[in-house]
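**Q** A predicted structure for the sequence below; I have some questions about it.
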Amino acid sequence: MDEDKVLYCPDCLSLSIVGIEGTDICYCKRCGCTNIQEIEFDKWDRLYQKKYGRKYVITKKRYFT
């Protein structure tokens with residue numbers, strides 16, 4: 001997963017990116033920013049942690065018996 005790239009909003013770090021049909025324009029569904037960028041997921045997650053103080057994805061191991 002570390003090498004997977006995501007589109008994100010550099011203003012609010014949202015991953016909710018929407019494309020306008022029939023154009024090359026994308027925007028952030030959360031704040032409306034059109035300065036969408038691409039980054040590796042692990043680097044984005046570090047930016048998210050720095051800004052919001054927590055990880056975006058929390059994985060827990062659960063064992064069922």
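**A** Noted; the coordinates are in hand.
**Q** please make it C-alpha for all contacts and neighbour counts, starting now.
**A** Will do.
**Q** which residues touch the spatially most central residue of the chain?
**A** In the chain, the C-alpha closest to the average C-alpha coordinate belongs to L15, at a distance of 3.2 Å (Cα atoms, centre = their mean). By Cα atoms under 8 Å, 6 or more residues apart in numbering, the contact list for L15 reads 6-9, 28.
**Q** repeat the analysis, applying 6 Å as the threshold.
**A** Applying Cα atoms under 6 Å, 6 or more residues apart in numbering to L15 gives the contacts Y8.
**Q** the one 3 residues further on too?
**A** V18 sits next to 26-27 when contact means Cα under 6 Å, 6+ apart.
**Q** and the next helix or strand past the helix or strand hosting it?
**A** With secondary structure defined by DSSP states H and E, V18 is part of strand 17-19. In the C-terminal direction, the helix or strand that comes right after strand 17-19 (DSSP H and E) is strand 26-28.
**Q** what about S14, neighbour count?
**A** 17 (other Cα atoms under 10 Å).
**Q** leaving aside the residues adjacent along the chain, what's closest to it?
**A** With Cα to Cα, 6 or more residues apart in numbering as the criterion, S14 has its nearest non-adjacent residue at 5.6 Å, and that residue is Y8.
**Q** gap between the one you found and D24?
**A** Between Y8 and D24 the distance is 15 Å, computed by Cα to Cα, to the nearest Å.
**Q** more neighbours: which of those two?
**A** More crowded of Y8 and D24, by other Cα under 10 Å: Y8, with 21 against 7.
**Q** where does the prediction get shaky in this structure?
**A** 1-2, 59-65 (pLDDT under 70).
**Q** what are the ranges of the helices in it?
**A** With DSSP state H applied, the chain shows helices at 41-52, listed in chain order.
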